[in-house]
Structure formats: structure tokens, C-alpha cells
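Q: got a structure for you, letters missing:
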């Protein structure tokens, strides 16, 4: 495949500049990390296309891998290829069970099912974390949002999509439809995320308490 083929195709379809961030400030790593929050609600009128998902998964051709084993494999699922099968087998918002997230009409409709070609172990889990975080950072760079999902029915997901390998996590991707704010806390404070007046608050321990 020619260099930058997916980026060029993305610009052809969605307009020049759509795949790029225009200022150094908005493209800074700190800014992208700050925007990379876990969204549990998405805009239904925004369709995440397969070529966009392929760009996100493509980061895995460049990231580090323990012992360079590169054992992770990826199944992209969109609205037209079985998103409803994923939705019925995942659980979101475990800390807020009374809300029954996602709210009806805000469900994600694009997913990356992450599998491993070998039994899950410490190195695989490290690779998994690097992979999912990097894919989400790429999504943010593209103006999208997402969430890592580990609470799902593995047997059903494997069966529904005839996966040759064991699924170990799922990443949902979409255009976020929530207001999320970070709150600085001390190490002794509650770490649980919460909602108030429609805003989703995410506690983050201050740097002074993280340093040993």
C-alpha cells in the first residue's frame, strides 16, 4: 500500500485538512492526553467509517511490543458489520449502575475487538495497554473519542464474529456526546468517577501524591 494512502483517501472523502490538526498547541501531546477521556455516550448522527477505523488500528504497526512478539490482532466492527452484536455483550459505567449507561440513542457503533494469538500473560497485557491507549490517542487526534471496555462476554463475542483468537478487550470509537471534566484529588480521596448536573467528573490524583 502506498505511503499515506489512507490519509489521502480520508482527505478526499472528508475534505482537505480533516485528518490533520492545524496548530501546534492543539496537536501537543498534553492536549491530546487531556482530551482522551472515556466516553460512554456518542452522537448517533456521526458515522465512523471503516477507513477511519483502519487508520486507528494502523498505529499498531509502529508502537512498541514486548520482546517484539506483536501477538495482538484486531477485528474492526462498524454499524454495518455487526455493532449491535457487540452492544448486547458489553457493559459500560460499572461505577454508575443506576444510570444504565449508555443512554438509549447514544450507544457507540464502531469497535475494535482486540485479540491475542497466545495465552494472555504480563507481556501481552502490557502490549494491550500500549495498543489501546495509542489507538485512543489517534482517535482524539482525528477528532473522535472512545473508551476501553474489559467488561464483556468473551465467549459470545468470539462466537458472534467467528474469531480465531481469544478476545481480551474492546475499544469503542465515536463522536463523544458527553461533557467530561477532570478533578484534582488527594491520594486519600475517592477515586470513583461520578456525575452531577449532566457532567461526568473524573478524579485524578495530584502529582505531589503520585511522586515517591
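A: Perfect, thanks for sending it. Because the structure is predicted, anything quoted here is derived from the model rather than measured.

Q: pLDDT score for residue 2?
A: pLDDT, residue 2: 45.

Q: meant to ask about residue 27
A: For residue 27, the pLDDT comes out at 76.

Q: how near is it to residue 62?
A: 17 Å (C-beta to C-beta, to the nearest Å). Yep, even glycine has a C-beta here, placed from its N, CA and C like the rest.

Q: okay, these two: which has more neighbours?
A: A count of neighbours by other C-beta atoms under 10 Å puts residue 27 above the other of residue 27 and residue 62, at 12 against 7.

Q: settle this for me: the more buried one is touching residue 141, isn't it.
A: Yes: contact between residue 27 and residue 141 holds when scored by C-beta atoms under 8 Å: they sit 7.3 Å apart.

Q: where does this protein dip in pLDDT?
A: Scanning the chain for pLDDT under 70 picks out 1-26.

Q: could you list the domains of it?
A: 5-177, 180-212 (automatic domain parsing).

Q: ends of the last one, what's the gap?
A: I take that to be domain 180-212. Taking C-alpha to C-alpha, to the nearest Å, domain 180-212 runs 29 Å from one end to the other.

Q: okay, buried residues for it please.
A: 180, 193, 195, 200 (16 or more other C-beta atoms under 10 Å).

Q: just confirm the third one contacts residue 103, I think it does.
A: No: distance between residue 195 and residue 103: 11.3 Å, which falls outside the contact criterion (C-beta under 8 Å).

Q: can you redo the buried residues of domain 180-212 as a markdown table with distance to residue 154 and secondary structure?
A: Shown next, in a markdown table, are these (distance: C-beta to C-beta, whole Å; DSSP: H, G, I helix; E, B strand; the rest coil):
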| residue | distance to residue 154 | secondary structure |
| --- | --- | --- |
| 180 | 28 | strand |
| 193 | 25 | coil |
| 195 | 29 | strand |
| 200 | 27 | strand |
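
Q: among the residues you listed, which one sits closest to residue 48?
A: Residue 48 has its nearest neighbour among these in residue 180, at 18.9 Å by C-beta to C-beta.

Q: partner residues bridging the closest one?
A: Judged by DSSP bridges, the bridge partners of residue 180 are residue 200.

Q: so what's it up against?
A: Contact analysis of residue 180 by C-beta atoms under 8 Å, 6 or more residues apart in numbering lists 37-39, 199-202.

Q: so which residues of the protein form strands?
A: Shown for the chain, the strands assigned by DSSP state E span residues 72-77, 110-116, 145-149, 166-174, 179-185, 194-196, 199-205.

Q: tell me how many other residues crowd residue 166.
A: Neighbour number of residue 166 under other C-beta under 10 Å is 15.

Q: residues in contact with it?
A: Contacts of residue 166 (C-beta under 8 Å, 6+ apart): 115-116, 119-120, 154, 158.

Q: farthest-apart pair in these, please.
A: Every pair of the contacts of residue 166 checked by C-beta to C-beta; the farthest is 119 and 158, at 14.5 Å.

Q: okay, the two: which has more neighbours?
A: For residue 119 and residue 158, the more surrounded residue by other C-beta under 10 Å is residue 158, and the numbers stand at 18 against 8.

Q: in the chain, which helix is the longest?
A: For the chain, the longest helix by residue count, based on DSSP state H, is helix 122-141.
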